[in-house]
Structure formats: C-alpha cells, structure tokens
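[1] below: sequence and its predicted model.
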Amino acid sequence: MLRKVTAAEVPSLLRDPVDAPTLEAARAIVDDVRHNGESAMRLYAERFGEVEPRAPLVIGKDTLRAAFEALPTKDKNLLLRVHDRIRKFAEAQRAAMKDIVVELPGGRAGHFVAPVEVAGCYAPGGGFPLPSSVLMTAVTARAAGVRTVIVASPRPLPIVRAAAHVAGADMLLAVGGAHAIAAMAFGAGVPRCDVVVGPGSKWVTAAKQIVSGRVAIDMLAGPSELVVLADDSADPSIIAADLLAQAEHGFDSLPILVTTSADLIDRVNAEIAAQLESLPTRETAIASVGGGYAVLASTLDEAVAVVDGIAPEHLELLMENAASVATRLRHYGGLFVGAGAAEVLGDYGAGPNHTLPTGGTARFTGGLSVFNFLRVRTWMRIDDLSAARELVEDARDLARHELLEGHARSAEKRLVRP
C-alpha cells in the first residue's frame, strides 16, 4: 500500500539524472562507437543479443512497409488513428511558431523558424514493446518538417516496425542502449543526427547526457511519475487503477496520491490491494507502489503547494472543481483535468506528447514537441544608415565601455557624416 506522509515529509525528486558508475560505463561505449563506428555498434548489439551475427543493423523502408501491410486490418487502423491524432496536435504546435519581422531604426530584424535536417528518435524495447513511443517521436519530427527521420529500437517486433512505417521513418536502427544513441549522434551506420530524442533506460539517458552538445537532445528522463490530486468526490477505484497503470512501468516508477482526505487514502489503498490480485504485472507494480506514497494535506492550498514542489511528470486532477484548481498549478509535465482525462489516454495518442520531464525537471522544461526539432534563426538588415545613426553610435559607445576597440571601430565604419 501507499505509505502515508505529511506535506513536510515529501521528498524532493530533483536528483542527478544518471548515477556515476552508469555514466562512466556508458561513456566507454559511446567513445568506442564514436571512434570505431559501425563495427563497434555491431559488437555491442550482438553482445547484448539485439541482432544475430552478420544480420542487418538497419531496417529499410520497404521492410517497414511490409510489416505494416502484414498486420491485421484492426491493428493497421489503430496505428493510423493514433498517428493522425498525434500529427494533428503537433501540426497545430508548428503553426504557432511563425516567422516575425520587427522594424529597426533604418532597417528591420526578424527570425525564421526552420526544422533540423536529421532527427534520431529512440523507442525503448526492453520488457515491453513501445510502438506508441515510435509514433510520439517520429510523427512529431515529421510534423516539424524534418527531412530525414531515423527510429532506433532494439529487437523491434512487427508492431514496432509497422509504427515506424506509419510515422514516416526513413529507417529503423534495430539496436538500443548507449550504442544506439552514439550511433545516431556520430553517424555510425546511419546518417549523423542533429537532434536525438525519446525515452529509454538509464543507459540511454547516460548516453544522451554524454552526446549533448554534439547534438541536441530533448531531456534527460528518469523513472516515470504520476501524481493524482484528488478530493472526496473522486472514485477510489479509478485512482487505484491510474496509480497501478503508472506503477507497472518499472520497479522504480513513482505513484503518488495527494489529498486532504484521510478516508480517501484508506479507500484507495484498499482498492490497490484488491486490484493487484489480478494484475499480470503485479510483481513490478508492488515494488513501485512500495516506493510511492500518499500525502495527507491539511488544506487545498497546502495540497497545491505539495504538487508544485514535486513538479511531477504526469498530474491528474480528480476533483469536483478540477478546472479551477488547474489554473493554480505551475509545475508539471502533462496535466490531465478531470476523471475522464486518464493519463493513459495521453500515453496512447490522445494528441499531446507522452515524452515528458521527470525528476522534478518540469520546473524548468516541458515535454517533447515540434519545438525540439526546430531552430529559430535571427536576421537583420539596415537599409538607411542615416536613420540608424543612433543605433550605430550606441553600439560604438557600448563597445568602448567593454574595452573592445575593434568593435567600436567596426561600428564607426557605418557612421554617415551629417
């Protein structure tokens, strides 16, 4: 059951995204792939049982299409519907990013918004196949306008290959872990990527941290989290089901209930115990629930402060006045307002992306979106140096305050004599 804690006892989620031993071991793998290329990547892929000796590491578009065409019609339509919802949301985000022009003395300035050229999209393939992550990452890249999209996922099942086809991937790298991230970052066996995104194990997170700076990354994600903020109007069976859905992600997933009702905590714990009896993933969920907790807040204000302090990846509001409480909350990755907006609907393609910040990092970053695949490039032109005289003089004078005479003289070259 969820242990009960007070607001003062809630631990901070902020932590180093990867432990030092994993980071060190991942660095050795990344460096090996960086210097030895595809041969090093194959060595790790075969060592970890991802591919058979001499089997292809990269699956092409024709094979991905064949995987889709071999699916039952029901599954084809499922992937297409989810694709369309993700694409619609991502395209709306892209439309919100527009080129701008601003008038300057004697000229104009502005910015152009343009996609990167090559994106690497990672989808985990450990205990569970995740075609949803293939769609969330690759569809979003395509909506941003990325020219070449690479998906990486170890031991990809037919549904994962089919998802890559539906998402418009150009190829699928059938390996995972740190060596897959390194391959996309440095161009080992696949084109070198400009950005690498997607959730994964601690090895994936470590590798993303290592290659960040050589390529853009979306975030350094850790174990998944869900906070349910609820009052007495909430159905304890729904809360328990939602927390267990989160708990089955992994042994270190974090299910949290925040409420002002001690009775609700007891009823939710009773439901958790009952529902665990028939849950196929109960072993994982039990471990996760054991690490979770229920916060008994004295007031709604205190409950809101607790949630903001946690800054969770996922936040559900199961309350009578959920819409009004939503406006008071400041820190979360994804917000799910009302009992109908189950977090699992976000996981499986309602529209918003399911790749979200964990470990309290929602205080300073958001989830994966088209913005991760876009660059904002600024420009300036001065057509009338007489009208720009004050701007030029300001640049000259500020440069001399900073003792950069070369800068000042460069500006002076643009001064037009009265």
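    Cool, got the structure. Just so it is clear, the model here is predicted, and its values are computed rather than measured.
[2] and the longest helix along the chain, average pLDDT?
    For the chain, the longest helix by residue count, based on DSSP state H, is helix 20-47. Averaged over helix 20-47, pLDDT sits at 97.
[3] skip the chain neighbours and tell me the closest residue to the residue positioned nearest the centre of the chain.
    Note on the chain: the residue nearest the mean C-alpha position is residue 355, at 3.2 Å, using Cα atoms, centre = their mean. Among residues not flanking residue 355 along the chain, residue 368 sits closest, at 3.7 Å (Cβ to Cβ, 6 or more residues apart in numbering). Quick note: C-beta positions are derived from backbone N, CA and C, even for glycine.
[4] tell me, how many residues neighbour that neighbour?
    Applying other Cβ atoms under 10 Å, we find 27 other residues in the vicinity of residue 368.
[5] can you give me the strands for the stretch 251-400 of the chain?
    When assigned using DSSP state E, counting those that start in this stretch, the strands of the stretch 251-400 of the chain occupy the ranges 254-259, 293-296, 314-318, 334-337, 374-382.
[6] quick one: which of those strands is nearest residue 105?
    strand 374-382 (8.3 Å; Cβ to Cβ).
[7] neighbouring contacts of that closest one?
    94, 97, 104, 106-116, 144, 388, 391, 414 (Cβ atoms under 8 Å, 6 or more residues apart in numbering).
[8] give the pairing partners of it; include direction for each.
    Its sheet considered, strand 374-382 pairs with strand 107-115 (antiparallel) by DSSP bridges.
[9] show me what the next helix or strand after the partner strand is packed against.
    The C-terminal neighbour of strand 107-115 among helices and strands, as given by DSSP states H and E, is strand 118-122. Here strand 118-122 touches helix 131-144, strand 148-152, helix 177-186, strand 195-197, going by 3 or more Cβ pairs under 8 Å, 6 or more residues apart in numbering; DSSP states H and E.
[10] what about 10 Å?
    When contacts are defined as 3 or more Cβ pairs under 10 Å, 6 or more residues apart in numbering; DSSP states H and E, strand 118-122 packs onto helix 131-144, strand 148-152, strand 171-173, helix 177-186, strand 195-197, helix 202-211.
[11] now render these as a markdown table, adding distance to residue 14, mean neighbour count and mean pLDDT.
    Formatted as a markdown table, those follow (distance: least, Cβ to Cβ, whole Å; neighbours: other Cβ atoms under 10 Å; pLDDT from 0 to 100):
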| stretch | distance to residue 14 | mean neighbour count | mean pLDDT |
| --- | --- | --- | --- |
| helix 131-144 | 25 | 28 | 98 |
| strand 148-152 | 29 | 27 | 98 |
| strand 171-173 | 32 | 26 | 98 |
| helix 177-186 | 24 | 29 | 98 |
| strand 195-197 | 22 | 27 | 98 |
| helix 202-211 | 15 | 24 | 97 |
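[12] distance to residue 333 for those - can I get that in TSV?
    Formatted as TSV, the helices and strands packed on strand 118-122 follow (distance: least, Cβ to Cβ, whole Å):
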stretch	distance to residue 333
helix 131-144	13
strand 148-152	23
strand 171-173	27
helix 177-186	22
strand 195-197	15
helix 202-211	16
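[13] just the helices in the stretch 301-418 of the chain please.
    In the stretch 301-418 of the chain, helices defined by DSSP state H, counting those that start in this stretch lie at 322-326, 343-347, 389-401, 405-412, listed in chain order.
[14] quick one on the thing from earlier: which of the contacts of strand 374-382 are buried?
    By neighbour count, with 16 or more other Cβ atoms under 10 Å, these hold 94, 97, 104, 106, 111, 113, 115, 116, 144, 388, 391, 414 as buried.
[15] TSV please, covering those and showing distance to residue 282.
    Conversion of these to TSV gives the following (distance: Cβ to Cβ, whole Å):
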residue	distance to residue 282
94	42
97	44
104	64
106	70
111	52
113	47
115	44
116	43
144	40
388	70
391	68
414	72
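[16] out of the residues you listed, the closest to residue 1 would be?
    Scanning those for proximity to residue 1, where the rule is Cβ to Cβ, the winner is residue 144, at 43.7 Å.
[17] what's the closest non-adjacent residue to that closest one?
    That would be residue 373: by Cβ to Cβ, 6+ apart, it lies 3.7 Å from residue 144.
[18] what is the neighbour count of the one you found?
    For residue 373, the neighbour count with other Cβ under 10 Å is 29.
[19] that one contacts residue 196, correct?
    No: using Cβ atoms under 10 Å, residue 373 makes no contact with residue 196, being 11.0 Å away.
[20] what do the two both touch?
    Residues touching both residue 373 and residue 196 by Cβ atoms under 10 Å, 6 or more residues apart in numbering: 119, 121, 137, 216, 218.
[21] and the gap between residue 312 and residue 50?
    33 Å (Cβ to Cβ, to the nearest Å).
[22] those two: which is more packed in?
    residue 312 (30 against 23).
[23] tell me the average confidence for stretch 262-281?
    Stretch 262-281 comes out at a mean pLDDT of 97.
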